[in-house]
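In: just a sequence and a predicted model for now, questions to come.
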Amino acid sequence: MAKTTIDTAALYAALDAARTQRELSWRALAKEIGVSPSLLSRIGNGLKPDTDGFATIVGWLRVPAEQFFEGVEGGATQEAPDLMVQLAPLLRADKNLNETDVEYLEQVIGATIKRARAKE
């Protein structure tokens, strides 16, 4: 039976990146998100957030909840989705980029990924 759990380390890292970028304290970040500071502290300590707290956080981060899922089946972690599959919706959602910009970035990122994989 497959079991999906929340990757609290990845969730905390995303929160910390947003906090650092905005130059906020953890308490100020919690207020901006609309959750309690203790929820962020619990996540930092590796504890799973409650469902409403998790939904509020991923909604505020504006990323798919699945980005923070760990699926374990038969002892092996499921393969991560392709990087371009993850990036394409983010690029297209950016209102500062027109279609030409998005296509160009997809080409550049795709070529970079292809080159990196060729080195493996």
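Out: It's in. Residues are numbered from 1 along each chain as shown.

In: show me where this protein has its strands.
Out: 3-6, 69-73, 76-77 (DSSP state E).

In: among these, show the one with the smallest mean pLDDT.
Out: Ranked by mean pLDDT, the strands of the chain bottom out at strand 76-77, with a mean of 42.

In: domain map for this protein?
Out: Per automatic domain parsing, the structural domains of the chain span 3-77, 83-118.

In: most tightly packed of these?
Out: Ranked by average neighbour count under the criterion mean count of other C-beta atoms under 10 Å, the domains of the chain are headed by domain 3-77 at a mean of 14. (Each C-beta comes from the backbone N, C-alpha and C, glycine too.)

In: circling back: least reliable of the domains of the chain going by mean pLDDT?
Out: domain 83-118 (a mean of 84).

In: what about it, distance to the chain center?
Out: 17 Å (C-alpha atoms, centre = their mean, to the nearest Å).

In: against residue 87, how distant is the residue most central in space within the chain?
Out: Ranked by distance to the mean C-alpha position of the chain (C-alpha atoms, centre = their mean), the top residue is residue 67 at 5.0 Å. Separation of residue 67 from residue 87 (C-beta to C-beta, to the nearest Å): 12 Å.

In: show me what contacts residue 62?
Out: Counting by C-beta atoms under 8 Å, 6 or more residues apart in numbering, residue 62 touches residue 93.

In: same check, this time on residue 99
Out: Contacts of residue 99 by C-beta under 8 Å, 6+ apart: none found.
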